[in-house]
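**Student:** coords please:
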Amino acid sequence: MIGAACALYAVRAGLDVVVVDRGPVAGGTTGAGEGNLLVSDKEPGPELELALLSSRLWREIAEGPRPDDQRPPARGVGRAVDGRAVEYESKGGLVVASTPEALTALTELAAGQRAAGVETVAVDADQLLSFEPYLTPGLAGGVLYPQDAQIMPTLAAAHLLRASGARVETGRTVTRVLRGADGAVRGVRTDRGDLLAPAVVNAAGTWGAEVAALAGVSLPVLPRRGFVLVTEPLPRRVRHKVYSADYVADVASDSAALQTSPVVEGTAAGPVLIGASRERVGFDRSFSLPVVRALAAGATRLFPFLEHVRAMRAYLGFRPYLPDHLPAIGPDPRAPGLFHACGHEGAGIGLATGTGHLIAQTLTGKAPDLDLTPFRPDRFAEEATP
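**Tutor:** Okay, the predicted model is just below:
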């Protein structure tokens with residue numbers, strides 16, 4: 001998704017773009033995502049600023065021209081994305097607290113987010129069922145986030161790539177980032193020959209560390225495994241993305257151990273998606289029954305009716321984790337011409353548009369709309385220097 005967004009905005013900025021992927025479109029983390037476009041789980045700071053920018057850009061895509069718009073695209077700017085095709089749903093998020101203490105912490109977080117530009121609505125305990133009639137009774141209260149939304153990530157990535165008009169080379173593996181005698185990037189070597197270019201964007205997600213190493217630089221991206229349970233199709237009973245206030249703490253945690261917190265959301269197609277788990281176990285793709293049981297237990301605590309619903313399947317993916325929980329976005333001074341757009345952990349779908357927009361600005365020499373200092377790709381190398 002990040003690569004697709006970078007391609008879309010770079011072409012719109014007037015650049016010629018080639019997207020190279022060793023697998024199919026959305027064959028990695030994007031295809032394993034839930035498609036969340038969230039501001040609710042971001043603490044005030046650089047990531048929330050990026051989320052707000054991205055949220056605005058996703059809305060522009062969703063409200064863009066429809067298939068019956070026959071106007072040809074302007075030369076060099078790609079086609080408009082069909083907003084309906086990405087299944088954008090502005091359903092909002094509802095974060096709930098089970099205890100008065102958790103509600104106090106959630107309310108304080110919401111106050112800081114509101115000061116940063118996030119729309120928040122306090123929901124008293126006796127109002128919760130008016131928003132989600134099937135919620136378990138006895139919760140302390142919650143906060144509604146109207147800006148939270150969802151897309152279908154696989155479709156969205158494909159449509160962004162198609163709209164960009166970029167040349168897409170799938171099933172082609174990058175084996176080296178080419179650099180000249182002066183150290184500047186001059187393209188990539190692949191298993192099907194060289195592709196020459198004055199700029200290379202590392203948008204390899206969880207595998208961003210591997211691509212960085214091909215250019216001779218380090219970037220400590222690590223996989224953080226997560227499972228998702230998918231139920232049988234149901235009439236719409238879960239109206240928002242609903243999750244426990246504990247989820248925000250799990251997202252910000254540095255622990256490598258297993259963490260689970262209930263996240264439940266309905267989809268336009270009918271199935272309910274259930275998460276969320278986090279653990280750093282490398283690229284271990286083994287199915288874990290204890291994790292899936294924990295997800296099911298958490299979901300039924302929030303929505304008791306799910307106890308009688310069948311799960312159709314479970315799948316897993318790997319979030320691209322960086323130690324300070326911020327992505328790497330922008331030019332790498334260690335390799336002129338190399339740009340990074342990876343390490344977004346579980347927020348890459350939501351942050352894709354803002355990231356692509358900022359990358360396109362830096363590629364064309366414009367001042368980016370956000371300060372990229374907190375996202376500098378070489379910040380970890382500086383920390384490692386004695």
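**Student:** does residue 35 touch residue 349 like I think?
**Tutor:** Yes: Residue 35 lies in contact with residue 349 (C-beta atoms under 8 Å); the separation is 5.5 Å. Yep, even glycine has a C-beta here, placed from its N, CA and C like the rest.
**Student:** what sits in contact with each of those two?
**Tutor:** 151, 153, 156 (C-beta atoms under 8 Å, 6 or more residues apart in numbering).
**Student:** phi first, then psi, for the second one.
**Tutor:** Note on residue 153: backbone dihedrals following degrees, to the nearest 10 are phi -60, psi -40.
**Student:** now the last one
**Tutor:** The phi and psi values for residue 156, taken as degrees, to the nearest 10, are phi -60, psi -40.
**Student:** still on that earlier bit, ok, residue 35 and residue 349, which is more surrounded?
**Tutor:** Neighbours were counted for residue 35 and for residue 349 using other C-beta atoms under 10 Å; residue 349 has more, 27 against 23.
**Student:** tell me which helix or strand that one sits in.
**Tutor:** helix 348-363 (DSSP states H and E).
**Student:** now residue 103
**Tutor:** helix 100-115.
**Student:** so what touches that helix?
**Tutor:** Residues outside helix 100-115 that contact it (C-beta under 8 Å, 6+ apart) are 39-40, 42-44, 48, 95, 97, 118, 120, 122, 140-143, 245-246, 248.
**Student:** go with 6 Å
**Tutor:** The contact list for helix 100-115 (C-beta atoms under 6 Å, 6 or more residues apart in numbering) reads 44, 97, 120, 140, 141, 143, 245.
**Student:** hey, what's the fifth one bridged with?
**Tutor:** With DSSP bridges as the criterion, residue 141 is bridged to residue 97, residue 124.
**Student:** who's in contact with stretch 257-264?
**Tutor:** By C-beta under 6 Å, 6+ apart, stretch 257-264 touches 238, 242-244, 246-247, 250, 274-279, 294, 298-299, 302-303.
**Student:** picking that back up, a markdown table for the contacts of helix 100-115, including neighbour count?
**Tutor:** Below are these laid out as a markdown table (neighbours: other C-beta atoms under 10 Å):
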| residue | neighbour count |
| --- | --- |
| 44 | 16 |
| 97 | 22 |
| 120 | 21 |
| 140 | 18 |
| 141 | 22 |
| 143 | 24 |
| 245 | 24 |
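**Student:** circling back: just the ones of the contacts of stretch 257-264 in strands?
**Tutor:** 242, 243, 244, 274, 275, 276, 277, 278 (DSSP state E).
**Student:** any idea which of those is closest to residue 182?
**Tutor:** The shortest separation between residue 182 and any of the ones in strands among the contacts of stretch 257-264 is 41.8 Å, and it belongs to residue 278 (by C-beta to C-beta).
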